[in-house]
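# can't give you the sequence, but here's the structure:
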């Protein structure tokens, strides 16, 4: 099946939302099966990073930084080598890997929380822009933080928080059976009445 057909079919994994959502949110999901031949253009990467750049941040301090590697580059290989568990099995097929860093050492006591929160907002914006570009993302916490710190000679001021795979979705059959089963599983979220504690 052509990559475009696979992507088009897979992006129709709409959420079963209680009210209609805009399509970019309704159809966004986090696959593990990525096309190992697909590439991400300079323009697409610039658009994703611009979306991250314009995300809100506390006091507009913008305490987030990024390390970006495209498949085939030394940077990508370093990031991929730091992945652990299931992530190491599927993520190297992505077109790019993005390390999200929170700038923490310069922050006053208590501000690290906001740096990490702001990074999360930036990655969320990046993910929505990726979907608009016909791409998919999958955020990961399973990676060797120390390896990233040492490989990129990061100081105490930058804390690696997440790695995001970016690419074109592929058939679930390319995954191991255990991962393919998770790939095909219905999308689920807690109902609103469990999430919202008070609403007047």
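The structure has been received and is ready for your questions. None of the values given here were measured: they were computed from a predicted structure. Numbers count the residues shown, from 1 in each chain.

# my guess is residue 131 is in a helix, correct?
Yes. Under DSSP: H, G, I helix; E, B strand; the rest coil, residue 131 sits within a helix.

# quick one: pLDDT of it?
Note for residue 131: predicted pLDDT of 94.

# Surely it is in contact with residue 26?
No. Using CB atoms under 8 Å, residue 131 makes no contact with residue 26, being 10.0 Å away. All C-beta spots, glycine's among them, are computed from the backbone N, C-alpha and C.

# where in this protein is pLDDT low?
1-14, 106-111 (pLDDT under 70).

# and the residue lying farthest from the centre of it, how far is that from residue 183?
Ranked by distance from the centre of the chain (CA atoms, centre = their mean), the top residue is residue 200, with 33.8 Å. Separation of residue 200 from residue 183 (CB to CB, to the nearest Å): 40 Å.

# Residue 74 now?
Note on residue 74: its distance to residue 183, by CB to CB, is 29 Å.

# Mind checking which of the two has more residues around it?
Taking other CB atoms under 10 Å, residue 74 and residue 183 do not tie; residue 183 has more neighbours (21 against 9).

# What strand or helix carries the more buried one?
Assigning secondary structure by DSSP states H and E places residue 183 in helix 177-184.

# Buried ones in that helix, by neighbour count?
179, 180, 183 (16 or more other CB atoms under 10 Å).

# Could you look up the SS state of residue 92?
Put simply, residue 92 is helix when judged by three-state DSSP.
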